[in-house]
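Enquirer: My questions concern the predicted model and sequence given below.
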Amino acid sequence: METLLDIRFSRALQLMLFLAVAAEDDSAPLSSAELARVLNTNPSLVRKLLVPLTEEGLVVCVKGRTGGARLGRPTDRITLAEIYRCAVGDKPLWACSPGVEPVCQVTAHAGEYFATLTAEAEEAVLESLGDRTLADSVLELRRLDAGHARQR
């Protein structure tokens, strides 16, 4: 059985970072096709990612021929935790394996233990992401880019 990693958060974060850089350049709103091209994905996925981001006010979308997406708030007022929550919704960080017949101490309590462990890990993730803003992230990307430029 092949398990696929959930990439919604990384895609949503890349999308938001791209919008943040575009906002610094006073760029016009970007269409889902333009965003899909830079994210190397399809416009349909971009539109799906934009829905919760728009509902939370992190992004503003304008329909029509000259429409597109732009940031809904300044980058220093958008946390990575907000982007994460928009991207993954209420889906837990990890999923517990399907129910197993409770025949021993492990099988009787593993689900409850795993649920507690997952909740604690999710809380730690949200705490870490809540301390970082989109503005911080753009600065970090610029730092990384400068470091790579020096190595060339």
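Expert: In hand now; what should we look at? Because the structure is predicted, anything quoted here is derived from the model rather than measured.
Enquirer: Longest helix in this protein, please.
Expert: With DSSP state H applied, the helix covering the greatest number of residues in the chain is identified as helix 105-130.
Enquirer: Identify each buried residue in that helix, please.
Expert: Along helix 105-130, the positions that meet the burial threshold by neighbour count (16 or more other C-beta atoms under 10 Å) are 110, 126, 129. In this view, the C-beta of every residue, glycine as well, is placed from N, C-alpha and C.
Enquirer: tell me which of these is nearest to residue 25?
Expert: For residue 25, the nearest member of these is residue 129. The distance, counting by C-beta to C-beta, is 25.6 Å.
Enquirer: so what's the closest one scoring on pLDDT?
Expert: The score at residue 129 is 95. That number is its pLDDT.
Enquirer: related to what we said a few turns ago, can I get the buried residues of helix 105-130 in a markdown table with distance to residue 35?
Expert: Listed next are the buried residues of helix 105-130 as a markdown table, based on distance: C-beta to C-beta, whole Å:
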| residue | distance to residue 35 |
| --- | --- |
| 110 | 42 |
| 126 | 26 |
| 129 | 22 |
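Enquirer: just these now: which is nearest residue 16?
Expert: Within those, distances to residue 16 taken as C-beta to C-beta reach their minimum at residue 129, with 12.2 Å.
Enquirer: right, and that closest one touches residue 86 too?
Expert: No: with contact defined as C-beta atoms under 8 Å, residue 129 does not count as touching residue 86 (11.6 Å).
Enquirer: Low-confidence stretches in the chain?
Expert: Counting by pLDDT under 70, the chain contains low-confidence ranges at 1-5, 152.
Enquirer: which residues of it fall in strands?
Expert: Using DSSP state E, the strands found in the chain span residues 59-62, 68-71.
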